[in-house]
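Colleague: Prediction below, plus the sequence it came from.
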2 protein chains.
Amino acid sequence: MGINGKMHFIIFYFTSNQKTMTYDPIFQKAQEAFFFYKNVPGKEKAAFLRKIADGIESEKTQLIPLASEESNLPEGRITGELGRTCGQIRLFANLVEEGSWVEATIDHGDPTRTPAAKPDLRRFLTPLGPVVVFGASNFPLAFSTAGGDTVSALAAGCPVLYKAHPAHPKTSTLVSSIIQKAVKDSAFPSGLFQQVEGGVETGQALVKHPMAKAVAFTGSHVGGKSLFDLANQREEPIPVFAEMGSVNPIFTFPKKLENDIVGAAKSFVGSLTLGAGQFCTNPGLIFVPKSLEKEFADAVKSELEDITAAPMLHEGIAESYYSALQYLQGRNELAWVKVAAAKDLIKGHPALAKIKSKDWLKDNKFQQEVFGAFALMVVYKSEDELLEIAQKLQGQLTVTIWAEEEELKDQLYLINLLEEKCGRMLYKGVPTGVEVGYAMHHGGPYPSTTDSRSTSVGVYSIKRFARPIALQDMPDILLPDALREGNPLKIWRMVDGEFKK
Amino acid sequence: MGINGKMHFIIFYFTSNQKTMTYDPIFQKAQEAFFFYKNVPGKEKAAFLRKIADGIESEKTQLIPLASEESNLPEGRITGELGRTCGQIRLFANLVEEGSWVEATIDHGDPTRTPAAKPDLRRFLTPLGPVVVFGASNFPLAFSTAGGDTVSALAAGCPVLYKAHPAHPKTSTLVSSIIQKAVKDSAFPSGLFQQVEGGVETGQALVKHPMAKAVAFTGSHVGGKSLFDLANQREEPIPVFAEMGSVNPIFTFPKKLENDIVGAAKSFVGSLTLGAGQFCTNPGLIFVPKSLEKEFADAVKSELEDITAAPMLHEGIAESYYSALQYLQGRNELAWVKVAAAKDLIKGHPALAKIKSKDWLKDNKFQQEVFGAFALMVVYKSEDELLEIAQKLQGQLTVTIWAEEEELKDQLYLINLLEEKCGRMLYKGVPTGVEVGYAMHHGGPYPSTTDSRSTSVGVYSIKRFARPIALQDMPDILLPDALREGNPLKIWRMVDGEFKK
């Protein structure tokens, strides 16, 4: 539906809390932008999103060194991340331009039906409203200002209130100005994207604001869980899509490992130490058969020798990394393959310890994510033990299985168990490197996320920010284009139970 | 993936709470059934569901009088509800037999891509696990034992732990035995469907059990919200899909009303008093222009004279109805069109009061659902007032607009506001009578439900009980049929960004 030419300025809500009230004006602006923007055709949303991607690319000579400086990540990595960010934005542009994502569904009425006439019903997805997005420290571009959460929310039709991550303020502000320019150049209301700076209290106030309709977050378990609790305690609870990381176990089987033990060690160490191990999908846990314990540990140790420690994102992250290692050093169940390095102010020296599966099973502390290049190698004696391990395993973003096909023939029960524990299962390869596309699912059972039905990467992430609405017996002229009888958008629709265009 | 021939019996969880522990054995059985049933092909799930529908129909001479006796609903109504229940079950059978509901999505890999090979990624929906379903008092069949929640969960692949509603125990037990017979006749594990009897504490224990993966509920706000809070306080929070009813406002515009004021009054009163007003979509609020206040009130009053009070579901419901009316009688903002009847032990005498919009706006108490045949007629002076009303309106299952097309030309901002407040918008007709089909959305923003993205009626309700999983670089032989390269199920899939079969 188009909106009325003259905008009505209603104060939508009055808030009682002082901190929350501070944000009344920006939420008011966001809400006004929402009523305009939700009715903008997909093609225009797509053009707007492409302007953001173009803007980021045209500022890349300034953006790359800036993001690199603020994150300690090498320029090569930031260059790749910028490409990923722009590719992701254009993927969403294509998605909303094509338009079928709204799940348009039509059941034609039948006035002759008895005992009661059948109404005409048309359902599609409509955006939720203003969304609060939190930037992540480990991806200053791809999971921050113009990252997947912001862009999927904008694609869905939701204004974004972006809480900048304090670790890279200049990068955030530059990307924000690029988005704001795209908003202006598209002649959209400025409330469509607004950046807010501040600490934990600021983030909490945004989540508590009565006009916020959803929250997206990537970061620590403590951070994500506290926002989830806060959002559920509101007078009107709202969904929180928090991706809180996991330990991403690799399960290795003897034949596969034996076939190329050095190759396996190389892959594992490469994934473990990539970006100083600062990825949500970093493999912090690897299960190795007892028969190959020594051989694999030696191969990994040798690979680790070649790794130069890289600086971590900031001193606070390095501090947390070394304090986690210090705790683990005090646990006598562990044997160190590569010793927990002495505390470094900023660099994240990789570390690896071994533990027997029976000890690992006894304490969930050994499942806690250590953000950085540390992994625990769990030595299992029999494949039967793996069932107990899988059963004890907490929810993960990913589970990786390294096995020859024939080794899995009797492991289908194990695979069933592991499926219950993850959002993505890999048969070969490494969990780091999250493809952006249609079939990606970057999510998983709690505690890896707060909503296992959602993804924060890939086109389906748009669904987080929309809800269905059904329109009954609505005259064609009042219907949104997606639901009009003539299908002017030429989108895929479910019509009387059949998919058609 | 098929499962291993020999079943492993692992005790999955140990619970510490005494009340919760009581249910370890049934959850254990449900979990075992889950690992079997999740891998059952859609065709077999469909045959199983059809056995339930057939079973209900073959027991209808026993079931109809029993359900009628326990619910005080007339046999004609129960007969209709039985037809609806079986139709719904067969709709889900067709859905899972066809199979495209799993959103199969394939992105083919590209080993030649630089700098890194592109993996093969395949995503689909997989069932959540054991689900706790609460029966509703007002639909002993369609929203109870073999109702929409149970059947959409079973269709998705989830075992059901059914908490029977104490208002109709014999009906529940009979329908449970029909489902259990269908389980047995399909040679499925008995843990696939289990009925649990008890009160509030029993329900809470089921929701708190660590092996429960989701909850479905239809009932009061207090009941639904308390389960939602409980589920969020678990060590592993789980989704609660609670449909908690609403007041389902009708907004009338002068021209439409003038054109047939008696017809409008008839429709309204018919919907208001249907089933003694005991529907979630019962219109408890109607906005009427001041110019037609008297005329419409008179027409409604005259229609109400013809209504014979019907018995309510049980004495507790009647008690609540009259105590809500008693409270409202104490509010001097109201003028009674049809007086709040003296308390009746069981019958729900319809009642209607008028209030000025400026008074209605002052107190959210006037938005609270009165379960039964009571409505508040809110008299508005100008169409501008409607904007303030829409803004103040809480989340609803439905909003109905009675207007001539030309009257809505300048009301698109109002329509935008109202869309934010409901899950279904009707242009004509009445909100009662929730079609079961593809395009229905029976849900809405909080407080009408705890998850505005979910529906409890229609085929999309199956999505509540499934989550995506992505399989990366999985050999074809290990893939589920929905994702195998040759598309053996011949379902609609998104392949490299294109919908195809």
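Modeller: That came through, no problem.
Colleague: For the helix ranked longest in chain A, name the packing helices and strands.
Modeller: With secondary structure taken from DSSP state H, chain A has its longest helix at helix A:75-98. Identification of packing neighbours for helix A:75-98 by 3 or more Cβ pairs under 8 Å, 6 or more residues apart in numbering or on different chains; DSSP states H and E yields helix A:42-58, helix A:60-71, helix A:148-156. Backbone N, C-alpha and C define where each C-beta goes, glycine included.
Colleague: Check which element follows it along the chain.
Modeller: Next along the chain after helix A:75-98, taking DSSP states H and E as the criterion, comes strand A:105-107.
Colleague: is chain B contacted by whatever helix or strand A:R467 lives in?
Modeller: When elements are defined using DSSP H and E, A:R467 is found to belong to strand A:466-472. Yes - contact of strand A:466-472 with chain B (Cβ under 8 Å from any Cβ of the partner chain) involves A:466-472.
Colleague: most packed of the helices and strands packed on helix A:75-98?
Modeller: Ranked by mean neighbour count, these are led by helix A:148-156 with a mean of 29 (mean count of other Cβ atoms under 10 Å in any protein chain shown).
Colleague: how about the helices and strands packed on helix A:75-98 in TSV, adding mean pLDDT?
Modeller: Putting the helices and strands packed on helix A:75-98 into TSV (pLDDT from 0 to 100) gives the following:
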stretch	mean pLDDT
helix A:42-58	98
helix A:60-71	98
helix A:148-156	98
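Colleague: Quick one: name the residues of the stretch 301-450 of chain A near chain B.
Modeller: When proximity is defined as Cβ under 8 Å from any Cβ, the stretch 301-450 of chain A approaches chain B at A:387-388, A:391, A:395, A:405, A:408, A:410-413, A:415-417, A:419-420, A:422-429, A:433, A:435, A:437-441, A:443, A:445-447, A:450.
Colleague: Is there a quick ChimeraX command that grabs whichever of those residues are buried?
Modeller: Selection command for ChimeraX covering only the buried members of these, criterion 16 or more other Cβ atoms under 10 Å in any protein chain shown:
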select /A:387,391,395,408,411,412,413,415,416,417,419,420,422,423,424,425,426,427,429,435,437,438,439,440,441,443,445,446,447,450
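Colleague: Select from the residues of the stretch 301-450 of chain A next to chain B every entry located in strands.
Modeller: A:422-426 (DSSP state E).
Colleague: can you list those residues in TSV and add pLDDT?
Modeller: Conversion of those to TSV gives the following (pLDDT from 0 to 100):
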residue	pLDDT
A:C422	98
A:G423	98
A:R424	98
A:M425	98
A:L426	98
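Colleague: before we move on, back to that, which ones among the residues of the stretch 301-450 of chain A next to chain B map onto helices?
Modeller: Here DSSP H is the test, and those give A:387-388, A:391, A:412-413, A:415-417, A:419 as lying in helices.
Colleague: between those, which is nearest A:L125?
Modeller: For those, the residue nearest A:L125 by Cβ to Cβ is A:E419; the value is 27.6 Å.
Colleague: So for that closest one, what's the pLDDT?
Modeller: At A:E419 the predicted local confidence, pLDDT, stands at 96.
Colleague: isn't A:Y460 right up against B:A470?
Modeller: No - using Cβ atoms under 8 Å, A:Y460 is not in contact with B:A470; the gap is 9.9 Å.
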